[in-house]
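*Asks:* below is the structure, and that's it, no one-letter string:
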RNA sequence: GCCGGGAUGGCGGAACGGUAGACGCGGCGGACUCAAAAUCCGCUGGGCGAAAGCUCGUGUGGGUUCGAGUCCCACUCCCGGUACCA
């Protein structure tokens, strides 16, 4: 009987669903395990990145279920967002219709993978039942002072008359029409995540099961730095504030730099000698994104013609504008101290500005800016102090003089949630001429996103052009008023969706707090490394807000985080736009979901990027054919007593149980598969040479249990064929027998001066003295050491002896 | 630019500071076959050698150590993020 993956996979997918194997409810009698893969954007077809993600997630769902946990593994859709709107503009299909078609296709494909979810809990963020609670949450934040409106720049395409996402701006041009993009200020909504900066920073320490690199990235993103803010007077008129982490170096300030957008710039350049040059520079930098500006190799800038007075010593220094100072960080202005800052050094060198060191570098120093500690010099009353003392002294002095103070600055900015787009959750606010901004009453939620036929932007977003949507009455005075027409960033949806899974159909509240009280926190969260900062930080923030509201029992949503690498082909990320996709659906048909799952588990460390090998699935398919033959094929058993051969094969099986269990716990799936391959190969040899039925059956039983979370369909089919009448998915995970896994002998290597010169089989229990004596007595080794002085012998029994000779 | 990560055979990768290259892909040779496919068996980092074996070898250059792919320092290149892709 051949291995017919199609019928087997369909059969078991239907069985699992019919028998509700993976549908769960709160059950206080069992330990819970909440397992979530980041919900996908419904792009229309699953790709290898999804397969990788869901294979890992499903492996864990099944493994933890077998270990006796009450496992919740839900699935939903991150279905608002830019791509649906772009597709609509290009193809004319309405985002709602397009999105729902794509959800339908993708859920069918996910089911074909054999990845099991509690589909009763499925939702999509574009559904009013869901985004209603986005709006409710917005109102809660608004009332708590955590949502506010402020001016912020957007990318504006003057030809298309629309706002562009950063990724739609290519080299300063609109990706659609190549028109130069300009910055335009709009009043937009923000969430005040900076209020939570310290809590978000401090609690990173609690995330002990997160990858270190993600924790580091989040710490750096929040970017708390302690320093001082002080005022610098402009020679002539006006003043500006600067923030610095190095107030101790203020005597070394030889110039100042303002961001091109700094409000003072206009008055400084007006009428100056460099006015024309400065205006050109400002216009040029406005066409650049922050990234482009910072990425410029050499530091550029323009002298404003104005001078500032160093408050510490009264010396006048030139004021420049330069792109390397960003308006969005600190005060948008810096004191430049080239002696102690490398960027300032490069700028000063380029524009021939004086450099004064205020920290004495070591004698052997041959670098440029010196950033480390040392005695302060050239700094009047700070001379001789170390940096900590100097900082304290200068801040005290600024305090006394009334020009500055100690300040804590964060790199983190408030979260801009406004999008001038159609396909998102409407922000539930109303503008009234009399009453000003008014929140939509909660009982009127959701503010429904209207079904608009003409969503091509023409100067304003489609929502703003829809009079029926815009025109309303003021909730407080009942006079005519207009609705807010911005929609929310889709990161708002993804910052709380995992709470909704606990109570997905609740029509009365965002959720009944008792439900997530059982399931939260998420025990395992799995997704791409590209979400290391934004999504994960926003989710942590909203969880803390929900905690403060009394709706969450936890302050951190994700106990364990696993970030997987990308799938690449020919050195590039697999993507439709690059035309290098390998469609998983084709492989379901040709090789089967089990073979594809195994290949994803096998292809490399889950954290790393993995290169797609077109022939790789052939290998795992071949392995499953071998498993099939072992489970189903004819074996000529011999009726005999148990022998060393049987004990050895059982030992291999039990060592495989130990290895696979350890590897799953460590997320080293790529080494668990080879362990199973080795077991299958040994079992093939065993089956060909006078096998004993009891031994064989037991080894196969263990193999199928281990294979069950990885290649579930074939494992279940063979389990049933071999006469077990239980549902394999609900069988207990196997344990290993400590006696059986012991090995009697081991290969000991003998080195001379660190080079391997002999290998010998020794008893596992060999003592250090025995190992040394044995090694020194070997004929091969004598040839290397005779005539030399043995200086030292390092023994790591039973694995290694290293003989150091003179 | 800044933050984070990575680099090991022809390819994906394995390797508690202790046998570098497990396992798989590909390739070569053989068995089976009229033939092919499938399957099975063997070989497969470079150099030298008839062989035993020796020697070089984990991006580059240094260092620590009895011993370094692994730890430290300095580089190179590639990838992720960089706040409106999600």
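*Replies:* Noted; the coordinates are in hand. Owing to the predicted nature of the structure, the values given are computational and were not obtained by experimental measurement.
*Asks:* tell me the contacts of the residue in the stretch 551-700 of chain A that RNA strand B sits nearest to?
*Replies:* Closest residue of the stretch 551-700 of chain A to RNA strand B, Cβ to the nearest atom of the strand: residue A:619 (2.7 Å). Heads up, the C-betas are built off the backbone N, CA and C, glycines and all. Neighbouring residues of residue A:619 by Cβ atoms under 8 Å, 6 or more residues apart in numbering: A:599, A:602.
*Asks:* get me the contact residues on the stretch 151-300 of chain A for RNA strand B.
*Replies:* Contact residues (Cβ under 7 Å from any atom of the strand) of the stretch 151-300 of chain A with RNA strand B: A:154-155, A:163-168, A:186, A:188, A:212-213, A:216-217, A:220-221, A:289-291, A:294-297.
*Asks:* which of those are buried?
*Replies:* Among those, those classed as buried by 16 or more other Cβ atoms under 10 Å are A:154-155, A:163-164, A:168, A:188, A:217, A:221.
*Asks:* quick one: contacts for residue A:456?
*Replies:* Contacts of residue A:456 (Cβ under 8 Å, 6+ apart): A:89, A:462.
*Asks:* and the pLDDT at it?
*Replies:* Residue A:456 carries a pLDDT value of 74.
*Asks:* same thing with the one 5 residues further on?
*Replies:* Note on residue A:461: pLDDT of 81.
*Asks:* list the buried residues of stretch A:645-655.
*Replies:* Quick answer for stretch A:645-655 (16+ other Cβ under 10 Å): A:646, A:648-655.
*Asks:* over to stretch A:549-557?
*Replies:* A:551-552, A:554, A:556-557.
*Asks:* out of these, which are close to RNA strand B?
*Replies:* Answer for these near RNA strand B: none qualify (Cβ under 7 Å from any atom of the strand).
*Asks:* dump these to CSV, plus pLDDT and secondary structure.
*Replies:* Conversion of the buried residues of stretch A:549-557 to CSV gives the following (pLDDT from 0 to 100; DSSP: H, G, I helix; E, B strand; the rest coil):
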residue, pLDDT, secondary structure
A:551, 97, coil
A:552, 98, coil
A:554, 97, coil
A:556, 98, coil
A:557, 98, coil
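*Asks:* following element in sequence after the lowest-mean-pLDDT helix or strand in chain A, please.
*Replies:* None of the helices or strands of chain A scores lower by mean pLDDT, DSSP states H and E than strand A:572-573, at a mean of 64. Next helix or strand after strand A:572-573 toward the C-terminus (DSSP states H and E): helix A:584-590.
*Asks:* give me the next element, helix or strand, following that next one.
*Replies:* Next along the chain from helix A:584-590, counting by DSSP H and E, comes helix A:593-602.
*Asks:* quick one: distance of the following helix or strand past that next one to the chain centre.
*Replies:* Using DSSP H and E, the helix or strand that follows helix A:593-602 in sequence is strand A:610-611. Relative to its chain's centre, strand A:610-611 lies at 18 Å (Cα atoms, centre = their mean, to the nearest Å).
*Asks:* quick one: mean pLDDT for strand A:610-611?
*Replies:* On average, strand A:610-611 scores 82.
*Asks:* and the next helix or strand past it?
*Replies:* helix A:616-632.
*Asks:* so which bits of that next one are buried?
*Replies:* Here helix A:616-632 shows A:616-617, A:619-621, A:623-624, A:626-631 as buried, counting by 16+ other Cβ under 10 Å.
*Asks:* quick check: domain ranges of chain A?
*Replies:* A:138-201+A:214-219+A:415-490, A:225-409, A:613-741, A:745-805 (automatic domain parsing).
*Asks:* so which of those gets nearest residue A:49?
*Replies:* domain A:613-741 (15.7 Å; Cβ to Cβ).
*Asks:* if we can go back for a sec, make CSV from the domains of chain A and add distance to residue A:500 to it.
*Replies:* Below are the domains of chain A laid out as CSV (distance: least, Cβ to Cβ, whole Å):
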stretch, distance to residue A:500
domain A:138-201+A:214-219+A:415-490, 13
domain A:225-409, 33
domain A:613-741, 26
domain A:745-805, 53
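*Asks:* quick one: the longest helix seen in chain A near RNA strand B?
*Replies:* Counting by DSSP state H, the longest helix found in chain A is helix A:644-665. No - Helix A:644-665 does not reach RNA strand B (Cβ under 7 Å from any atom of the strand); its nearest approach is 8.2 Å.
*Asks:* okay, now residue A:771: neighbour count?
*Replies:* 23 (other Cβ atoms under 10 Å).
*Asks:* how about the secondary structure of it?
*Replies:* Here residue A:771 is recorded as helix under DSSP: H, G, I helix; E, B strand; the rest coil.
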